[in-house]
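Student: make a model of this:
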Amino acid sequence: MMVALTLFWLSRCLFYLFNIPYFSQLSFWELSRILLLGLRFDIAGLLMLNFPFLLMMSIPLPLRRFKWWRDIAGFLFYTGNILGLMVNFMDVVYFRFTQKRMTGDIFAFAGDDVDLASLMPQFVRDYWPYQLAFLAFAVLLVIVSRRVKYRPRKFFTKPPANIIYPYLAFLFTIAIIIIGIRGGLQLKPINIITAGKVADAQASALVLNTPFTIIKTLDMQALQPKSWFEPEECRLIYSPVHYPQFAANDALAQKPLNVVILIIESLSSEHIGAFNRNREGYQGFTPFLDSLIPHALTFRAFANGKQSIEGIPSILASLPSLMDRPYINSAYASNKIQSLAAIFNAMDYNTAFYHGGTNGTMDFDGFADMAGFQHYYGRTEYNNDDDFDGNWGIFDEPFYHYFNQQLTQTQVPFFATFFSLSSHHPYTIPEKYEGKFRSGKLEIQQSIMYADFALGRFFAEAARQTWYPNTLFVITADHTSEAWLPEYKTRVGMYRIPVIFYAPGLDLKSTTNKTAAQIDIMPTVLGLLNYPEPYLAFGHNLLDDSTASFTVNYINGVYQMIENDFVLQFDGEHSVALFNFEKDSLLQNNLLDVDIEKAAAMERTLKAYIQQYNKRMIENKLAIGVDGSEN
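Tutor: Below you'll find the model as predicted:
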């Protein structure tokens, strides 16, 4: 066990070394303290992994004398610890994309109909150094552990010690396992949020280890109801129910707008030149978007999650991801929701979801069906694998062309969502464009240029269609990508994405720093269309200045509320940090004990937000009837 513990600790050191830019705020002493205190989580994770082995080797039964029994126990030891090391090394890379340790939802992702057989060789080619390091650790575990031999002292082999000792050893082992898994004798066992007491939210992933976070979240599907406020007080502080501010007979007086939502894979704000004009010498990777932004209503916004399956419900149903599992894979996935598709269906729109990926990928088609889309178009419907990228699905440019053709054949008004994929790892672009797009500091940035180019080609083609002048386009991202610039590696910067509203027939032209997020897309679209009925959304209408605009995201047990220039981090019980991220872009100056009133006001709103979210998820009250009744 000491061998495995040492290797686990060394894998944490490698996790840090391979991801130094994400922990640049740590001093030498802070880093040393984190590496030392992380042993508590290593011990807990190892004991959970090795519980079957320890039980077999300590249980006071004669079976322990048989070689086959010890061989089975040895197999469990090596299998458990090698798997533990494997996921630790996987997170060395995966962390750059999600900014958190993997949790139990990784199995739901692996269980989706993703063509892992074709993707794995690419991952092997791209990340072979990490695999070699893992193999070295696995071999070291086997070689060193096999050299360790336990020889009991003669005292314990003679009666009465040989009778009493096995039972005492068994009880002692069980006690040590319980204490170790709990992380000590304190009132509550350690959990993911305990890491927030050792380090700030940015560095909590360095305290944790991946086996610990996966095991701890395997059964974390059920939300717990919160009771910080009485129901009426909670509703007055925050309510997700939206009531239109105009008479119903005034609504939709004009010709109904078509609505097209374009979700660009991994389009971080970092890649957009127009968002980084103040950085001297910086060249963006989105020339088309840069040309469009002056003619659109643009927000430097925030994603509500770090995975595609978190982004889709946020964008299309204004449901943030405030659970350890994404909504699509959670126990609440069958809840009745009030999505844009369902609302537009009731308004006699034609609705469709387009994603060039292999049908079934990440359950997008399942969510589209549950959300109420009338049609789903994927790789199967495209039916031409000449344009297959060899990994995920159809290249962006040809699938945009297909998308445009389908829209032109669709009766207006229509609501369509398009989700791109070419800027997803392994960042493949068509052979005919090799060398056309500039590379950047990050591997993804060349494919971002291709994605932007394909988007521009779509708009050029769409502008020639009759439906184009009467269409509202919304452009956003599903989540952010790996970052290079330091301000995009913080717990605020890691969520920075664009939210762009462009309508050729409307005067929507401005760029604002107002807090915006994916969950604000649905209420803003409905506001622009003068939708007359009440509905439920956890976002805000960005065109309505009568209410405060803020957003919330959640990762590894920490809630984060962003409002204006401030961000509050809350561990579910207490606020742990407050930053002014506009003045302090690297989040180095915690204002929690300085701006006490601001922190208290934000915490009060955040608690009401969480209480409403949990209650409505648990009770399946995520939809509002025309008469204002719930569900």
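
Student: tell me which residues touch L407, please.
Tutor: Shown in contact with L407 (Cβ atoms under 8 Å, 6 or more residues apart in numbering): V260, F414, A416, A462, Q465, W467. In short, each C-beta sits where N, CA and C put it, glycine included.

Student: measure it to Y377 for me?
Tutor: Per Cβ to Cβ, to the nearest Å, L407 is found 11 Å from Y377.

Student: circling back: the contacts of L407 in strands, which ones?
Tutor: If you go by DSSP state E, these have V260, F414, A416 in strands.

Student: now the strands for the chain?
Tutor: Under DSSP E, the chain gives strands at 241-242, 258-264, 297-302, 350-355, 375-377, 414-419, 471-477, 496-502, 510-512, 535-536, 550-555, 558-563, 566-570, 575-580.

Student: circling back: overlap in contacts of L407 and Y377?
Tutor: Common neighbours of L407 and Y377, counting by Cβ under 8 Å, 6+ apart, are absent.

Student: just give me the neighbour total for the closest residue in space to Q283 that isn't next to it in sequence.
Tutor: Sequence neighbours aside, G273 is the residue nearest to Q283 in space, at 6.5 Å (criterion: Cβ to Cβ, 6 or more residues apart in numbering). Neighbour count for G273, taken as other Cβ atoms under 10 Å: 18.

Student: now swap in P313 and tell me
Tutor: Using other Cβ under 10 Å: P313 sits among 25 other residues.

Student: from V259, how far out is it?
Tutor: For P313, the distance to V259 - Cβ to Cβ - is 17 Å.

Student: and the pLDDT at the nearest residue to E482 once chain neighbours are set aside?
Tutor: Setting aside the residues directly before and after it, E482 is nearest to R96 in space (Cβ to Cβ, 6+ apart), at 4.3 Å. We note a pLDDT of 78 for R96 in this prediction.

Student: okay if I get the contacts of L407 as JSON lines plus neighbour count, distance to L568 and pLDDT?
Tutor: Output for the contacts of L407, formatted as JSON lines (neighbours: other Cβ atoms under 10 Å; distance: Cβ to Cβ, whole Å; pLDDT from 0 to 100):
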{"residue": "V260", "neighbour count": "23", "distance to L568": "35", "pLDDT": "98"}
{"residue": "F414", "neighbour count": "20", "distance to L568": "40", "pLDDT": "97"}
{"residue": "A416", "neighbour count": "25", "distance to L568": "37", "pLDDT": "98"}
{"residue": "A462", "neighbour count": "19", "distance to L568": "41", "pLDDT": "97"}
{"residue": "Q465", "neighbour count": "13", "distance to L568": "45", "pLDDT": "97"}
{"residue": "W467", "neighbour count": "17", "distance to L568": "43", "pLDDT": "97"}
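
Student: sorry, back to before: adding distance to A600 as columns, could you present the ones in strands among the contacts of L407 in JSON lines?
Tutor: Below are the ones in strands among the contacts of L407 laid out as JSON lines (distance: Cβ to Cβ, whole Å):
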{"residue": "V260", "distance to A600": "42"}
{"residue": "F414", "distance to A600": "47"}
{"residue": "A416", "distance to A600": "44"}
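
Student: where exactly do the helices run in the stretch 201-350 of the chain?
Tutor: Using DSSP state H, counting those that start in this stretch, the helices of the stretch 201-350 of the chain run over residues 204-207, 210-217, 231-237, 287-292, 308-317, 340-346.

Student: list of residues touching the shortest one?
Tutor: Defining contact as Cβ under 8 Å, 6+ apart, one finds that helix 204-207 is touched by 12, 15-16, 23, 26, 34-35, 37-38, 41, 95, 99-101, 192, 195-196, 198-199, 556, 558.

Student: now do the contacts for N50.
Tutor: M1, A4, L76, F77, G80, N81.

Student: what sits against the nearest residue to V525 once chain neighbours are set aside?
Tutor: In this structure, V525 finds its nearest non-sequential neighbour in V259, 6.0 Å apart by Cβ to Cβ, 6+ apart. Counting by Cβ under 8 Å, 6+ apart, V259 makes contact with L340, F344, Y349, P413, F414, F415, A416, T471, L472, V474, V525, L529.

Student: ok, the contacts of L407 vs G180, which is closest?
Tutor: The closest of these to G180 turns out to be A416 (Cβ to Cβ; 53.7 Å).

Student: spit out the contact partners of the residue lying closest to I293 once chain neighbours are set aside.
Tutor: Nearest-residue entry for I293: A274, 4.7 Å, with adjacent residues in sequence omitted and distances by Cβ to Cβ, 6+ apart. Under the criterion of Cβ under 8 Å, 6+ apart, the neighbours of A274 are G284, T286, L289, D290, I293, T298, T511.

Student: next, count neighbours for the last one.
Tutor: Meaning T511. That count, for T511 with other Cβ under 10 Å as the rule, works out to 15.
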